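Colleague: 3D, please:
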Amino acid sequence: MLMRKVPGFVPASSWGLRLPQKFLFLLFLSGLITLCFGALFLLPNSSRLKRLFLAPRTQQPGMEAVAQVAGHSLAREPESPPNPAPAAPAPGKDDPSSQASPRSRKGWPRRTRLVELREEVAAAPLRPQEGSIQSSFDFNAFRSRLRHPVLGTGANKSKEPQSLVQTQREKIKEMMQFAWQSYKRYAMGKNELRPLTKDGYEGSMFGGLSGATVIDSLDTLYLMELKEEFQEAKAWVEESFHLNVSGEASLFEVNIRYIGGLLSAFYLTGEEVFRIKAIKLGEKLLPAFDTPTGIPKGVVNFKSNRGSNQSWGWAMAGSSSILAEFGSLHLEFLHLTELSGNQVFAEKVRNIRKVLKDLDKPFGLYPNFLSPVSGNWMQHHVSVGGLGDSFYEYLIKSWLMSAKTDMEAKDMYYEALEAIETHLLNVSPGGLTYIAEWRGGILDHKMGHLACFSGGMIALGADDAKEEKRAHYRELAAQITKTCHESYARSDTKLGPEAFWFNSGLEAMATQMSESYYILRPEVVESYMYLWRQTHNPIYREWGWDVVMALEKYCRTEAGFSGIQDVYSTVPSHDNKQQTFFLAETLKYLYLLFSEDDVLSLEDWVFNTEAHPLPVNHSHSSARGGGR
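Modeller: Numbers count the residues shown, from 1 in each chain. Presented below is the predicted three-dimensional model:
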């Protein structure tokens, strides 16, 4: 060795090192080892190094999704667009002119990405931007259980090449296309279009979320087979719909418009982006339920991830939750559990049911205001219109969506309907049947436009009532729908006012300017659609076509559709807003009114209160007609 050639060197050990040198060498070596293992176990983002030395931990199937959802980490941004499922293609998917954006096509192959995710999740929690939310939901099996093809068989097309009803349907489709193109040109990505000023409107209702019109339009575009427009909407959701917002949002409106729209888009197409966005957004709503009773507050603060200290300012000084709002979550939240595997969503709405069942109800009626702190009614105001409406709708639809197994919802619905009929139902001197509002035993003899959904609701539930009540409920549904039609027929524009009265010699008419406006609402045509499907009485299509013509004449502008401020004036004064629900509901219900019954068949689908179709749970039954 070289060291042996050094003069005067005397080896102190078999390695040829003196004791001090050996000590220094060992000290250096131990420091090096400590540094290496410190980097391996203590430094962040070292999961890839750990896999070189450590055996992966065993994971139970599906636990990645449960860990993500339960950990409340899903709402963070930025997000990478998830890869779509290979199942049922969306409209236009095979059409080269309507393919998704280059960004969505350049994503990793879905199988490769899932393999890498399974490797990484064993060592570290999966960040939301790193991939999709796993689920055991089988989209192909779901579609095979549908009793009818989603868009129908098109049987009527073989009878007449261009029948009257086809022409009418195509006209409504053109209206939807015009409304969408106007929005895309002047307000794409904003919440709503302002057609007179040709710009977009954001508002404060959605807590900073954007694109409400896009999300609300997805299923209508799909239904009408507007393939290019659907792909435009889908691409915007993939690339521009972000959830990292920090405002205060309406729990109700975000649920029925955004989550409802995303859920229905997923069930219609199988595109994973819609499922994942819906679940992440659902996570952002959960803090609203952090109350002593579990009844959610009406407003959720996206910045603080908690329910707002107040509900809407006018709701009993901000201290009350509103029946229609906390009572209109059940449909969407059950589907969030179905698609995520996370039971928290279903648990939240089941608790709401429990609270309501245990409460004393005056004369069997449900007042509109409830304290989320004490669980007590705040005042005895009952309405089947605004503040109460969709609570009743969600009871009968929960029964239907469960494939008629949710007996609790069924019982609650028919008990509530009996109380409404006993205490609120009236017939005017002119023979018009209407549902009044109740204030501690005193009736306001009026109906709001919002209450006009009730004709369709009662028709929808008639078949499952006690046998001796079925014919009665069908007749009651027809009479209420006729009354709502009269509110349209008695106006100069043939469009209905926001509210109409039955007193002072007036029937089915507004009595003051503050109630004379029409904001493109859908409730009347919604009832026409349900009554048509139940009876096939041509009068409902005639009434529906009258609405189409009135919309064209008084609400269509150069750059979209607008509400009007006075239905009793034939010189329209527009309100400069194309409401998102006009595309989601009004045009959809009109289109279905002039479609065959197997298009979005009521055997397979229920519509949430924003007209987004959600599937009936046929999981324990076999398919009859196939869903492809």
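Colleague: doesn't Ala212 make contact with Glu192?
Modeller: Yes. The pair Glu192 / Ala212 is scored as a contact, 6.6 Å apart, by Cβ atoms under 8 Å. Backbone N, C-alpha and C define where each C-beta goes, glycine included.
Colleague: overlap in contacts of these two?
Modeller: Residues touching both Glu192 and Ala212 by Cβ atoms under 8 Å, 6 or more residues apart in numbering: Thr580.
Colleague: where are the low-confidence patches of the stretch 1-150 of the chain?
Modeller: Residue ranges of the stretch 1-150 of the chain with pLDDT under 70: 1-132.
Colleague: try 80 this time
Modeller: 1-135 (pLDDT under 80).
Colleague: can you check the stretch 351-500 of the chain too?
Modeller: Those would be none, if you go by pLDDT under 80 across the stretch 351-500 of the chain.
Colleague: can you map out the strands along it?
Modeller: Under the criterion DSSP state E, counting those that start in this stretch, the stretch 351-500 of the chain contains strands at 369-370, 377-379, 381-382, 425-427, 433-435, 437-439, 442-444, 446-448, 499-503.
Colleague: Partner strands of the fifth one and their direction?
Modeller: Spelled out, that is strand 433-435. Paired strands of strand 433-435, with direction, are strand 425-427 (antiparallel) (DSSP bridges).
Colleague: Enumerate the positions of the partner strand that are buried.
Modeller: The neighbour-count check on strand 425-427 (16 or more other Cβ atoms under 10 Å) flags Leu425 as buried.
Colleague: Need the residues that contact it.
Modeller: 433-436, 443, 445, 476, 502.
Colleague: Only whichever of these are buried, select them in PyMOL.
Modeller: What follows is the PyMOL syntax for the buried subset of the contacts of strand 425-427, where burial is set by 16+ other Cβ under 10 Å:
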select buried, resi 433+434+435+436+476+502
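Colleague: Go through the contacts of strand 425-427 and name the one nearest Lys357.
Modeller: Ile435 (23.2 Å; Cβ to Cβ).
Colleague: how much space between the closest one and Gly455?
Modeller: 10 Å (Cβ to Cβ, to the nearest Å).
Colleague: one step back: with distance to Phe302 added, can I get the contacts of strand 425-427 in a markdown table?
Modeller: Shown next, in a markdown table, are these (distance: Cβ to Cβ, whole Å):
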| residue | distance to Phe302 |
| --- | --- |
| Thr433 | 43 |
| Tyr434 | 40 |
| Ile435 | 36 |
| Ala436 | 38 |
| Leu443 | 40 |
| His445 | 41 |
| Leu476 | 42 |
| Phe502 | 43 |
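Colleague: Closest one to Ala510 out of the contacts of strand 425-427, please.
Modeller: Distances from Ala510 to those, taken by Cβ to Cβ, are shortest for Phe502, at 11.6 Å.
Colleague: what separates the closest one from Leu432, distance-wise?
Modeller: Counting by Cβ to Cβ - Phe502 and Leu432 are separated by 7 Å.
Colleague: shared neighbours of the two, anything?
Modeller: Contacts common to Phe502 and Leu432, judged by Cβ under 8 Å, 6+ apart, are Ala508.
Colleague: ok, the contacts of strand 425-427 vs Ser240, which is closest?
Modeller: Out of the contacts of strand 425-427, the member with the shortest distance to Ser240 (by Cβ to Cβ) is Ile435, at 42.1 Å.
Colleague: list the contacts for that closest one?
Modeller: Ile435 neighbours (Cβ under 8 Å, 6+ apart): 384-385, 420, 424-426, 447, 451, 454, 480.
Colleague: beta partners for it?
Modeller: Beta-bridge pairing for Ile435 (DSSP bridges): Leu425.
Colleague: how close does it sit to Ala419?
Modeller: Distance from Ile435 to Ala419, by Cβ to Cβ: 12 Å.
Colleague: And for Ile396?
Modeller: From Ile396 over to Ala419 (counting by Cβ to Cβ), the distance is 15 Å.
Colleague: Comparing those two, which shows the higher neighbour count?
Modeller: Ile396 (23 against 18; other Cβ atoms under 10 Å).
Colleague: residue contacts, the more buried one?
Modeller: 409-410, 413, 457, 460-461.
Colleague: what do you get for Ser514?
Modeller: No contacts exist for Ser514 under Cβ under 8 Å, 6+ apart.
Colleague: Look at it and give its secondary structure.
Modeller: helix (DSSP: H, G, I helix; E, B strand; the rest coil).
Colleague: Please tell me the pLDDT value assigned to it.
Modeller: On pLDDT, Ser514 comes in at 96.
Colleague: Identify each buried residue in stretch 468-484, please.
Modeller: 473-474, 476-484.
Colleague: circling back to that earlier point, could you flag which of the contacts of Ile435 are buried?
Modeller: The buried subset of the contacts of Ile435 (16+ other Cβ under 10 Å) comprises 384-385, 420, 424-425, 447, 451, 454, 480.
Colleague: between those residues, which is nearest Asp575?
Modeller: Gly385 (20.2 Å).
Colleague: Select, from the buried ones among the contacts of Ile435, the two members most distant in space.
Modeller: Gly385 and Leu425 (13.7 Å).
Colleague: which non-adjacent residue is nearest the residue sitting nearest the centre point of the chain?
Modeller: By Cα atoms, centre = their mean, the mean C-alpha position of the chain lies nearest to Gly260, the distance being 1.3 Å. Nearest non-adjacent residue to Gly260, counting by Cβ to Cβ, 6 or more residues apart in numbering: His612, 3.8 Å away.
Colleague: Likewise for Glu393?
Modeller: Met457 (5.2 Å).
Colleague: What of Pro292?
Modeller: Here the residue nearest Pro292, using Cβ to Cβ, 6+ apart, is Val373, at 5.4 Å.
Colleague: One more: Thr293?
Modeller: Nearest to Thr293 is Gly375, by Cβ to Cβ, 6+ apart, at 4.2 Å.
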